[in-house]
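> Coordinates for the following, if possible.
(one chain, ligands or ions: 1)
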Amino acid sequence: MRRKLAAGNWKMNGTGDTLAELAALLRAHPEPGCEVLICPPATLISRACAAVGAAPIRIGGQDCHMAEAGAHTGDISARMLADAGASHVIVGHSERRADHGESDAMVRAKAQAARGAGLVAVICVGESGAERDSGATLEVIGRQLFGSTPDGATGNSTVIAYEPVWAIGSGRTPTLAQIAEVHDFIRSELLGRFGAEGTQIRILYGGSVKPVNAAGIFATSNVDGALVGGASLTAADFGAIVNALENA
Ligand code: PGA
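The predicted structure follows:
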């Protein structure tokens, strides 16, 4: 059985005082009935890990460099994230792909670096609005998935997040049938490439997940949880999404 995962991506939001939201989440969910992951900005990873302590909430990074170390000013390696206490790292988020020109090959190298450092890679894929409108969604997702996922991916090393670019931060989501179509497609691609291990890799939906739409999304075929941006910033909203996943 795949363990459900509620992942929060704080993006470039949060300073020390924001950890009060993490503390409130911990108080409301001391023993969550699903896996819970918060990816704060890198500056907060150590403090977030200290705040979580022995509680079963995981802390992750939002990106890592593909190299282990070296002359890459401003970048952070997977080993540095692990050293700071992270257990996961998001790679290939559409904002990284757009703002930093990250290609599928780069994302795959980052996912490999994450595995090398013992981190779970949360690999993001998603079509643009124009790609969906032109009927290219599955072709785009298939290409990104193949190009961004390393050989030998397992359920322990890898999570896939389907995040339609046009749904991120927009308040718009695909229909549940559209989400099911893409998630079922990703599952079949994973099975084709990784065999039985493909059943173990979790597939998250991301893009305007809110307390009001979470239950429907979590009841959708092959949805194993969510990657949540805006609604992960407050304990009230993210806690409601965790509740919905616990009850799914
Ligand atoms: P959103 O972001 O929930 O604010 O749409 C999701 C994401 O980018 O991971």
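
> Once you drop chain neighbours, what's closest to the residue of the chain found nearest the ligand?
Checking the chain residue by residue against the ligand with C-beta to the nearest ligand atom singles out G229 as nearest, at 2.2 Å. Where C-beta positions appear, they are placed from N, C-alpha and C, glycine not excepted. Leaving aside its chain neighbours, G229 sits nearest to N9 (5.2 Å; criterion: C-beta to C-beta, 6 or more residues apart in numbering).

> next one: I186
Nearest in space to I186, with sequence neighbours left out and distances taken as C-beta to C-beta, 6+ apart, is I203 at 5.3 Å.

> if I pick that neighbour, what's in contact with it?
I203 makes contact with 159-162, 183, 186-187, 190, 222-224, according to C-beta atoms under 8 Å, 6 or more residues apart in numbering.

> Regarding it, what is its secondary structure?
strand (DSSP: H, G, I helix; E, B strand; the rest coil).

> ok, which residues in the protein are in contact with the ligand?
Proximity of the chain to the ligand (C-beta under 6 Å from any ligand atom) is limited to residues 9, 163, 168-169, 206-209, 227-231.

> ok, now with 5 Å
Applying C-beta under 5 Å from any ligand atom, one finds that the chain approaches the ligand through 9, 168-169, 206-208, 227-230.

> Show me which of these are buried.
9, 168, 206-208, 227-230 (16 or more other C-beta atoms under 10 Å).

> Which residue ranges of the protein form strands?
5-9, 35-39, 57-61, 88-91, 120-125, 158-162, 202-206, 225-228 (DSSP state E).

> Need those strands in TSV (columns: mean pLDDT).
Below are the strands of the chain laid out as TSV (pLDDT from 0 to 100):
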stretch	mean pLDDT
strand 5-9	98
strand 35-39	98
strand 57-61	98
strand 88-91	98
strand 120-125	98
strand 158-162	98
strand 202-206	98
strand 225-228	98
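
> Span of stretch 8-24 from start to end?
Start and end residues of stretch 8-24 are separated by 14 Å (C-alpha to C-alpha, to the nearest Å).

> Tell me the buried residues in it?
If you call a residue buried by 16+ other C-beta under 10 Å, then stretch 8-24 has these buried ones: 8-11, 14, 18-19, 21-22.

> Pretty sure the residue nearest to G229 sits against Q62.
Yes: the criterion here is C-beta atoms under 8 Å, and N9 meets it with Q62 at 6.4 Å.

> who touches both of the two?
39, 90, 93.

> For this structure, which segments count as helices?
Counting by DSSP state H, the chain has these helices, from start to end: 19-28, 45-52, 78-84, 94-99, 104-116, 129-133, 137-148, 176-194, 211-218, 235-246.

> Out of these, which gets nearest to G155?
The minimum distance between G155 and these falls on helix 176-194, with 9.1 Å, by C-beta to C-beta.

> For that closest one, output the C-alpha coordinates as CSV.
Taking C-alpha atoms only, helix 176-194 is exported to CSV below (Å, rounded to 0.1, in the frame of the first residue of the first chain):
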residue,chain,number,x,y,z
LEU,A,176,-11.5,15.4,-11.4
ALA,A,177,-11.8,13.4,-14.6
GLN,A,178,-8.9,15.4,-16.1
ILE,A,179,-6.8,14.7,-12.9
ALA,A,180,-7.7,11.0,-13.1
GLU,A,181,-6.8,10.8,-16.7
VAL,A,182,-3.3,12.2,-16.1
HIS,A,183,-2.7,10.3,-12.8
ASP,A,184,-3.8,7.0,-14.5
PHE,A,185,-1.5,7.8,-17.4
ILE,A,186,1.5,8.5,-15.0
ARG,A,187,0.8,5.2,-13.2
SER,A,188,0.8,3.2,-16.4
GLU,A,189,4.0,4.9,-17.5
LEU,A,190,5.6,4.1,-14.2
LEU,A,191,4.5,0.5,-14.5
GLY,A,192,5.8,0.2,-18.0
ARG,A,193,9.2,1.6,-17.0
PHE,A,194,9.7,0.2,-13.5
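
> All set now, cheers.
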